[in-house]
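Engineer: Need a 3D model of the sequence below.
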Amino acid sequence: MKALVYEAPRTLRVRDVPLPEPALGEVVVRVAYSGICGSELSGYLGHNELRRPPLIFGHEFSGWIERLGEGVEGRFPTGQPVTVNPLIGCQECHLCLTGRPHLCPRRRLLSASVPGSNAEFVAVPASAVYPLPPEMPLDLAALTEPTACAVRAVRQADPRPWQTVLVVGMGPLGLLMLQVLRVHGVERLVAVERNPYRLHYAETMGALGIVPGDDVLQQIRERLGGANVDVAIDAVGTTATRRLCLECVSPGGRVVFFGLHDPESPLQVNAIVRWEIECRGSFAYAPADFATALRWLHQGKVRLPGRMVTAPLEDGAMWFERLLEGRDDVVKVLLRPA
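Structural biologist: As a prediction, the model looks like this:
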């Protein structure tokens with residue numbers, strides 16, 4: 001089969017690789033659409049310790065059931081449209097058994113620990129497969145995984161409809177977080193983003209758009225009449241964006257750290273203590289978040305705003321480079337292996 005293989009930093013090539021064989025409890029999915037994730041962009045640059053060449057990227061995807069492995073015969077009809085939760089827990093530890101396999105110390109991730117979906121076929125556990133609702137478009141279903149990340153981050157933020165919420169970073173996940181916040185009834189939204197196209201998409205959802213600079217904190221307070229925000233979500237993960245969230249939040253407020261750009265950041269811990277600022281991490285999603293994301297996408301409650309591009313697998317390397325430039329209006333790229 002054809003697969004887009006990560007061979008070295010900034011080197012992706014389409015190769016012929018063996019077809020995956022379904023192991024016990026697995027199925028093989030024929031891939032329809034496979035999205036490019038921001039975490040894979042850092043892997044492509046060689047900055048992600050979880051992604052080491054040679055490796056097939058891809059974990060945001062949809063497709064059809066192609067083959068069933070031993071132990072799952074008859075569970076799905078061949079040709080069933082599906083999407084897949086790419087985070088695989090051990091299914092034995094306390095975290096897995098209490099519905100939090102995304103925190104499992106032995107978890108595996110398609111596109112990191114095991115081959116991903118930037119290929120014609122991918123083998124996955126049958127337990128991770130989600131049949132699509134009737135008539136749900138496959139390209140929309142490929143957005144389930146990033147939407148689940150947004151659902152989880154907002155659940156960790158736990159906002160109230162009357163509160164003001166800041167989201168820093170209007171990549172696909174930041175834009176999806178704004179959509180999910182709207183579903184939760186939050187109307188007072190603030191968005192920080194350098195890319196003018198993405199900031200515009202945020203503003204079309206009613207968010208106050210802020211271009212980051214030396215005066216970004218002052219800009220936010222001026223736009224809010226001198227007030228701070230109640231909740232801040234960092235969807236970038238740099239030291240600067242983490243500090244900004246802490247500086248913008250009101251006493252007794254909440255900050256959710258989602259982005260993973262910098263592994264370490266010196267932060268104002270004394271301010272956290274003195275103002276009783278609650279800090280939470282948000283990593284990926286629980287299975288309940290994944291199911292919610294699929295349902296809300298199907299119901300039309302959540303949509304990724306902006307320009308989405310569908311491209312053949314052979315153009316994958318070019319799109320990785322374009323997304324790294326970050327200068328145009330493209331929000332999401334879906335690769336088509338077929």
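Engineer: count of residues packed around A191?
Structural biologist: Neighbour count of A191, defined by other CB atoms under 10 Å: 26. Any C-beta I mention is one placed from the backbone N, CA and C, and that applies to glycine too.
Engineer: what pairs with the helix or strand encompassing it, and is each one parallel or antiparallel?
Structural biologist: Using DSSP states H and E, the element containing A191 is strand 188-192. Its sheet considered, strand 188-192 pairs with strand 164-168 (parallel), strand 208-210 (parallel) by DSSP bridges.
Engineer: Just the buried residues of whatever helix or strand comes next after the shortest one, please?
Structural biologist: This points to strand 208-210. For strand 208-210, the succeeding helix or strand toward the C-terminus, using DSSP H and E, is helix 216-223. Residues 216-217, 219-221 are the ones in helix 216-223 that count as buried (16 or more other CB atoms under 10 Å).
Engineer: check contacts around the residue nearest the centre of the chain.
Structural biologist: What sits nearest the mean C-alpha location of the chain, by CA atoms, centre = their mean, is P146, with 3.2 Å. Residues near P146 by CB atoms under 8 Å, 6 or more residues apart in numbering: 35, 37, 60, 172-173, 176, 304, 332.
Engineer: quick one: which of these is nearest Y201?
Structural biologist: Closest approach to Y201 among the contacts of P146 (CB to CB): L304, at 9.0 Å.
Engineer: So that closest one is in contact with V331, correct?
Structural biologist: Yes - L304 lies in contact with V331 (CB atoms under 8 Å); the separation is 6.3 Å.
Engineer: Just the helices from the chain, written as ranges.
Structural biologist: 38-44, 94-97, 138-141, 144-157, 172-183, 196-204, 216-223, 239-248, 269-274, 287-299, 316-325 (DSSP state H).
Engineer: now, of those, which is deepest in the fold?
Structural biologist: Most buried of the helices of the chain, by mean neighbour count (mean count of other CB atoms under 10 Å): helix 144-157, with a mean of 26.
Engineer: would you put the C-alpha positions of it in CSV?
Structural biologist: What follows is helix 144-157 as a C-alpha-only set of coordinates in CSV (Å, rounded to 0.1, in the frame of the first residue of the first chain):
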residue,chain,number,x,y,z
THR,A,144,-13.8,14.2,15.5
GLU,A,145,-10.3,13.8,17.1
PRO,A,146,-9.4,17.5,17.2
THR,A,147,-12.9,18.4,18.3
ALA,A,148,-12.6,16.0,21.2
CYS,A,149,-9.5,17.8,22.3
ALA,A,150,-11.5,21.1,22.3
VAL,A,151,-14.4,19.4,24.2
ARG,A,152,-12.0,18.2,26.9
ALA,A,153,-10.2,21.6,27.3
VAL,A,154,-13.5,23.4,27.7
ARG,A,155,-14.7,20.8,30.2
GLN,A,156,-11.5,21.4,32.2
ALA,A,157,-12.2,25.1,32.0
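Engineer: In TSV: the strands paired with strand 188-192, plus distance to F258 and mean neighbour count.
Structural biologist: Below are those laid out as TSV (distance: least, CB to CB, whole Å; neighbours: other CB atoms under 10 Å):
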stretch	distance to F258	mean neighbour count
strand 164-168	9	27
strand 208-210	18	20
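Engineer: Pull the residues that contact the strand holding A191.
Structural biologist: In contact with strand 188-192 (CB under 8 Å, 6+ apart) are residues 162-170, 174, 178, 181-182, 199, 202-203, 205-212, 216, 220, 223-224, 229, 241, 244.
Engineer: quick one: average pLDDT of that strand?
Structural biologist: The average pLDDT within strand 188-192 is 97.
Engineer: try stretch 244-253
Structural biologist: In this model, stretch 244-253 carries a mean pLDDT of 96.
Engineer: Strands of the stretch 1-150 of the chain, residue ranges please.
Structural biologist: Taking DSSP state E, counting those that start in this stretch as the criterion, the stretch 1-150 of the chain contains strands spanning 2-8, 11-16, 26-35, 55-56, 60-68, 81-84, 87-88, 108-109, 121-125, 129-131.
Engineer: Output these as a markdown table; include the columns distance to L45, mean neighbour count and mean pLDDT.
Structural biologist: Listed next are the strands of the stretch 1-150 of the chain as a markdown table, based on distance: least, CB to CB, whole Å; neighbours: other CB atoms under 10 Å; pLDDT from 0 to 100:
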| stretch | distance to L45 | mean neighbour count | mean pLDDT |
| --- | --- | --- | --- |
| strand 2-8 | 11 | 20 | 97 |
| strand 11-16 | 11 | 15 | 96 |
| strand 26-35 | 18 | 24 | 98 |
| strand 55-56 | 14 | 21 | 96 |
| strand 60-68 | 19 | 23 | 97 |
| strand 81-84 | 26 | 24 | 98 |
| strand 87-88 | 23 | 24 | 95 |
| strand 108-109 | 18 | 16 | 94 |
| strand 121-125 | 23 | 23 | 98 |
| strand 129-131 | 31 | 17 | 98 |
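Engineer: closest one to G281 among those?
Structural biologist: Among the strands of the stretch 1-150 of the chain, strand 87-88 comes nearest to G281, with 15.5 Å by CB to CB.
Engineer: Can you name the residues in contact with that closest one?
Structural biologist: In this structure, residues lying in contact with strand 87-88 by CB under 8 Å, 6+ apart are 101-102, 107-110, 113-114, 124-125, 128, 284-285.
Engineer: Now stretch 244-264: buried residues?
Structural biologist: Using 16+ other CB under 10 Å as the test for burial, stretch 244-264 gives 244-250, 253-259, 261.
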